[in-house]
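> predicted coordinates and the sequence they were generated for:
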Amino acid sequence: MIRFALVTDVHICDREDPYEGVVRKLCHRALPLLSDFVAFCNGQDLTFAAQLGDFIEDIPGLVESDRTHFESGMQVLSGLRAPLLSVIGNHEQVNLSVDEICSLAGLETPFYRRTFRNSARDSARDGDNEDCILDVLVLFSTSSEHTDIHISAEQMQWLEAELRHCSEYTIVLVHHPLDEQSLVGNIWFEKYPHYCFVEERVALRKILKESGKVKAVFGGHVHQTSVSRIDGIYYVTIQSLVERTKYDAASSTWALLELQKEQLVMRLYGAESNEFVLSF
């Protein structure tokens, strides 16, 4: 069995600005909650962990502040025992160049592929008689003005080529959503859907569908948990770690996933605790 954990929209910052009169991102809780996430992961015998973007809350014009906040978060994540995958979000891109973000996150390129295999010993321990190979494709959705959300033609060509070499168990990680989920009641995006979705999402979904290999796409950005299925592929977004709840606490949300032969089981922790079975 392959087991992995996801966290998104950590929004590390030392300043909290109100949105429509209310402070909605409890950024002062970001680093303590990220430490809690690391401790949780280290108790789960994970194959890998990933943060899905908007790792920091940008402060317009303050490049050094953004850099410091990113470094502080990466220092916390350095305590993970499992390999870390990082996705680039839009808030990172406001003040920092893509090259600098990659350097801070320890990435060679902003989009990439990783392959994970559970060992025969792990399979026996989990009661499974078969090895499992999981390919993870990490996409990079560009957005520095928050409305200009794109995945380049070059990256889409790369995606098609990589999928030809992927296993039958492949997932995609990307910050901005590729589905058509409802934004009704979403304080951030109901009025501004053009701030939300990747513009090339229809073409991207076609590529993923035609590969016949992609089981699920995971992301953040929307500050809500959503699970939809399009053409047999699950599209999942996860609530922000620091989104303010109706009880004036941070959501403290992250996800633990277990890949089994016929399904992915996703358990959400925090204020939105829940379990989803994504059957293939």
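Looks like it came in fine.

> what's the neighbour count on His175?
Neighbours of His175 under the rule other CB atoms under 10 Å: 30. (Glycine included, C-beta is placed from N, CA and C.)

> got a list of what it touches?
Shown in contact with His175 (CB atoms under 8 Å, 6 or more residues apart in numbering): Thr8, Leu52, Gly53, Asp54, Val87, Ile88, Gly89, Asn90, Ser141, Gly219, Gly220, His221.

> can you rerun that using 6 Å?
Leu52, Gly53, Val87, Gly89, Ser141, Gly219, Gly220, His221 (CB atoms under 6 Å, 6 or more residues apart in numbering).

> how about these in TSV, adding distance to Asp135?
Shown next, in TSV, are those (distance: CB to CB, whole Å):
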residue	distance to Asp135
Leu52	17
Gly53	20
Val87	16
Gly89	22
Ser141	19
Gly219	17
Gly220	21
His221	23
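
> for those, which one is nearest Ile171?
Gly219 (11.0 Å; CB to CB).

> neighbours around His194, how many?
11.

> out of the contacts of His175, which are inside strands?
Gly219 (DSSP state E).

> just the strands in the stretch 1-150 of the chain please.
With DSSP state E, counting those that start in this stretch as the criterion, the stretch 1-150 of the chain has strands at 2-7, 48-51, 84-86, 112-118, 132-138.

> now for the shortest one, which elements pack on it?
If I follow you right, that is strand 84-86. Helices and strands touching strand 84-86, by 3 or more CB pairs under 6 Å, 6 or more residues apart in numbering; DSSP states H and E, are strand 48-51.

> would you mind checking the contacts of His175 for buried ones?
Buried subset of those (neighbour count, 16 or more other CB atoms under 10 Å): Leu52, Gly53, Val87, Gly89, Ser141, Gly219, Gly220, His221.

> which one of these sits closest to Cys196?
The closest of the buried ones among the contacts of His175, once distances to Cys196 are taken by CB to CB, is His221, at 6.9 Å.

> show me the contacts for the closest one.
When contacts are counted by CB under 6 Å, 6+ apart, His221 touches His175, His176.

> also Gln51?
Residues counted as contacts of Gln51 (CB under 6 Å, 6+ apart) are Val7, Ser86.

> what's across from it in the sheet?
Val7, Ser86 (DSSP bridges).

> from Thr142, how far off is it?
18 Å (CB to CB, to the nearest Å).

> residues making contact with stretch 233-244?
7-11, 24-26, 29-30, 33, 177, 179, 208, 214, 216-220, 222-223, 225-228, 250-251, 253, 255, 272, 278.

> which of these are buried?
Buried by 16+ other CB under 10 Å: 7-11, 24-26, 29-30, 33, 177, 179, 208, 214, 216-220, 222-223, 225-227, 250-251, 253, 255, 272, 278, out of these.

> go through this protein and flag its longest helix.
The single longest helix within the chain, with elements called by DSSP state H, is helix 63-77.

> return the distance of it from the chain's centre.
18 Å (CA atoms, centre = their mean, to the nearest Å).

> list the buried residues in that helix.
Applying a neighbour-count criterion of 16+ other CB under 10 Å, one finds Ser65, Asp66, Arg67, His69, Phe70, Gly73, Met74, Val76, Leu77 buried in helix 63-77.

> in CSV: these, plus pLDDT and distance to Ile233.
Output for the buried residues of helix 63-77, formatted as CSV (pLDDT from 0 to 100; distance: CB to CB, whole Å):
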residue, pLDDT, distance to Ile233
Ser65, 94, 38
Asp66, 96, 34
Arg67, 96, 36
His69, 97, 34
Phe70, 98, 31
Gly73, 98, 30
Met74, 98, 31
Val76, 98, 32
Leu77, 98, 28
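
> will you turn those into JSON lines that also has distance to Ser152?
Below are the buried residues of helix 63-77 laid out as JSON lines (distance: CB to CB, whole Å):
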{"residue": "Ser65", "distance to Ser152": "28"}
{"residue": "Asp66", "distance to Ser152": "23"}
{"residue": "Arg67", "distance to Ser152": "25"}
{"residue": "His69", "distance to Ser152": "27"}
{"residue": "Phe70", "distance to Ser152": "23"}
{"residue": "Gly73", "distance to Ser152": "26"}
{"residue": "Met74", "distance to Ser152": "26"}
{"residue": "Val76", "distance to Ser152": "31"}
{"residue": "Leu77", "distance to Ser152": "27"}
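
> just these now: which is nearest Glu100?
Of all the buried residues of helix 63-77, Glu100 sits closest to Arg67, with 7.4 Å by CB to CB.
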